[in-house]
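# Here's a sequence, model it:
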Amino acid sequence: MTLLKNPSHPGEVLALFYLEPLGMSAPALAKRLGVPRTRIERLVKGETSVSVDTAMRLSKFFGNTAEFWMNLQRACDLARARETLDLSGIEPLAAA
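Next up, the predicted model:
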């Protein structure tokens, strides 16, 4: 199994594959989703994670699933954790 080393942040996916092709701004999307403008602006900049609430709103608007958005976030979070967490002090459980 191959793991992605640098998966895309959900905000990057949102900007590149959804907003740019539609010619839609982050504030315009925020208005359509009924959320604060800063929520989508910060998401697109990669400054914040996609929340369950936002994932559900994006999925309803774009016709995909909340799982799509949450899985993007999960992959990004795991990649970041693999780069930053020091797990060297944890001994694996030995098989009996």
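
# can we go C-alpha only for contacts and neighbour counts from here?
OK.

# thought residue 25 was touching residue 14?
No: assessed by C-alpha atoms under 8 Å, residue 25 is found out of contact with residue 14, at 10.8 Å.

# between these two, which one's more packed in?
The residue with more neighbours, out of residue 25 and residue 14, is residue 14; 18 against 14, by other C-alpha atoms under 10 Å.

# Now do the contacts for residue 6.
76, 79 (C-alpha atoms under 8 Å, 6 or more residues apart in numbering).

# cutoff 7 Å now
residue 79 (C-alpha atoms under 7 Å, 6 or more residues apart in numbering).

# And the one 3 residues further on, by the same measure?
By C-alpha under 7 Å, 6+ apart, the residues touching residue 9 are 46, 72, 73, 76.

# Of those, select the buried ones using a PyMOL command.
Of those, the buried ones can be selected in PyMOL as follows, counting by 16 or more other C-alpha atoms under 10 Å:
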select buried, resi 72+73+76
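
# and residue 48, which of the three is it?
What DSSP: H, G, I helix; E, B strand; the rest coil gives for residue 48 is coil.

# Grab the nearest non-local neighbour of it.
residue 42 (5.7 Å; C-alpha to C-alpha, 6 or more residues apart in numbering).

# What distance do you get for the one you found to residue 11?
8 Å (C-alpha to C-alpha, to the nearest Å).

# Of these two, which one has the most company?
The residue with more neighbours, out of residue 42 and residue 11, is residue 11; 23 against 15, by other C-alpha under 10 Å.

# my guess is that one meets residue 43, correct?
Yes: when contacts are counted by C-alpha atoms under 7 Å, residue 11 is listed as touching residue 43 (4.8 Å).

# wait, what's in contact with residue 70?
Shown in contact with residue 70 (C-alpha under 7 Å, 6+ apart): residue 55.

# how about the helix or strand it falls within: buried residues?
Assigned by DSSP states H and E, residue 70 belongs to helix 66-84. For helix 66-84, the neighbour count (16+ other C-alpha under 10 Å) marks 66, 69, 70, 72, 73, 74, 75, 76, 79 as buried.
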